[in-house]
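*Asks:* I would like the atomic coordinates for the input below:
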Amino acid sequence: MGMLPEKNQSWVSEFVLLGFSSDPMSNRVLFFVFLLLYLSSVLGNGLIIALICLDTHLHTPMYFFLCVLSVLDTSYITTTMHQIPMLVHLLAHSRTISFAGCWLQMYVFCALGLTKCIFFVVMAYDRYVAICYPLCYTIILNWRLCTQLAAGTWACGFLFSLVHTFLTMRLPYCGPNRINHYFCEGPSVRNLACTDTQLIDMVDLIISVFVVVTPLSLILASYIRITLAILKIKSTQGCCKAFSTCASHLTVVTLFYAPVTYIYTRPNSSYSPEQDKQISLLYNVFTALLNPMVYSLRNKDIKRAFLKVMGCGRVAW
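*Replies:* Residues are numbered from 1 along each chain as shown. Below you'll find the model as predicted:
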């Protein structure tokens with residue numbers, strides 16, 4: 001593992017984020033595109049959070065977890081797109097970020113990403129209990145357990161991120177300092193280290209297996225049990241309703257896990273900076289934008305709460 005550089009070596013005090021393009025006109029177009037995506041995501045997730053908080057009919061474990069997911073999505077996209085570095089750097093002449101700023105961004109981004117990976121397991125468990133043990137749903141998933149599960153996922157995410165970030169930023173960076181990305185992502189920063197990173201890459205792979213592959217396996221196992229339980233339901237309407245409650249979660253999991261699994265569990269030999277920037281947009285920007293749409297368009301309770309808050313009176317569904 002890399003050690004601190006010798007005294008006669010220069011220590012990098014800041015990094016330069018190359019972003020997507022060096023053309024000013026292209027950057028102006030990208031600025032407005034990403035600004036629209038960012039505002040739409042914040043508005044969509046903020047609306048879901050507000051509706052769940054305001055409507056007492058949505059004060060259930062399922063919507064509590066959905067509210068937490070919206071908070072995660074809003075924080076996740078804000079970490080990279082607001083101020084440092086995405087939006088400001090698209091218009092600024094200087095695209096530098098301090099070593100400390102890069103460290104902080106990498107830590108928070110990784111922590112929120114790992115938290116989402118683990119939190120999707122909690123949401124799958126919620127659906128498993130609701131469908132397989134409907135009569136005991138509120139007893140098993142009481143409010144104390146819900147808050148413990150939510151707090152536990154955040155704690156695990158920030159703890160594992162601390163290990164990842166500490167090992168990455170402890171490496172010696174003596175030049176060059178140009179990160180071929182639009183934010184301080186671990187693999188892109190580590191690629192600039194002037195030492196062998198094989199040991200840290202191995203540690204990162206272990207962490208990735210633990211917080212990416214293992215949760216995904218648990219989610220798949222949960223939905224196998226859920227599918228078997230649904231197939232036992234004799235009512236066609238009951239089957240459709242049960243499948244509908246799971247469809248949104250499965251869609252969100254697929255949109256997030258597909259690119260994340262590719263980025264963090266592939267061999268280092270297939271590393272491609274340009275491809276990584278495009279793929280990272282999928283799990284960073286577009287999942288935060290699409291999640292509110294996925295959950296609201298198919299959810300009658302969310303629609304009813306929206307119309308109620310807007311003062312449209314009672315709505316029959």
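*Asks:* hey, let's count contacts and neighbours off CA atoms from now on
*Replies:* Will do.
*Asks:* name the helices or strands packed onto the lengthiest helix in the chain?
*Replies:* Criterion DSSP state H: the longest helix present in the chain is helix 99-132. For helix 99-132, the helices and strands in contact under the criterion 3 or more C-alpha pairs under 8 Å, 6 or more residues apart in numbering; DSSP states H and E are strand 14-17, helix 61-81, helix 137-140, helix 143-169, helix 214-231, helix 236-265.
*Asks:* correct me if wrong: residue 129 contacts residue 138.
*Replies:* No: between residue 129 and residue 138 there is no contact under C-alpha atoms under 8 Å: 9.2 Å.
*Asks:* so where is the protein shaky, pLDDT-wise?
*Replies:* Residues of the chain that meet the criterion pLDDT under 70 lie in 1-10, 21-22, 81-94, 238, 266-271, 273, 297-298, 312-317.
*Asks:* which residue is nearest the middle of it?
*Replies:* In the chain, the residue lying closest to the centroid (C-alpha atoms, centre = their mean) is residue 113, at 4.2 Å.
*Asks:* residue 129 and residue 138: who's more crowded?
*Replies:* Just comparing residue 129 and residue 138: by other C-alpha atoms under 10 Å the higher neighbour count belongs to residue 129, 18 against 14.
*Asks:* in space, what's closest to that one - neighbours in sequence excluded?
*Replies:* Nearest residue to residue 129, sequence neighbours excluded (C-alpha to C-alpha, 6 or more residues apart in numbering): residue 137, at 5.9 Å.
*Asks:* try residue 123
*Replies:* Closest to residue 123 by C-alpha to C-alpha, 6+ apart is residue 65, at 6.6 Å.
*Asks:* please report how far that neighbour lies from residue 119.
*Replies:* Distance, residue 65 to residue 119, using C-alpha to C-alpha, to the nearest Å: 9 Å.
*Asks:* compare neighbour counts for the two and give me the winner.
*Replies:* residue 119 (24 against 20).
*Asks:* okay, the closest residue to that one other than its chain neighbours and residue 58: tell me how far apart.
*Replies:* Nearest residue to residue 119, sequence neighbours excluded (C-alpha to C-alpha, 6+ apart): residue 153, at 5.9 Å. In this view, residue 153 and residue 58 are 22 Å apart by C-alpha to C-alpha.
*Asks:* so if I had to pick from these two, which one is more boxed in?
*Replies:* Neighbours were counted for residue 153 and for residue 58 using other C-alpha under 10 Å; residue 153 has more, 21 against 17.
*Asks:* would you agree that one is in contact with residue 118?
*Replies:* Yes: using C-alpha under 8 Å, residue 153 is in contact with residue 118, at 6.0 Å.
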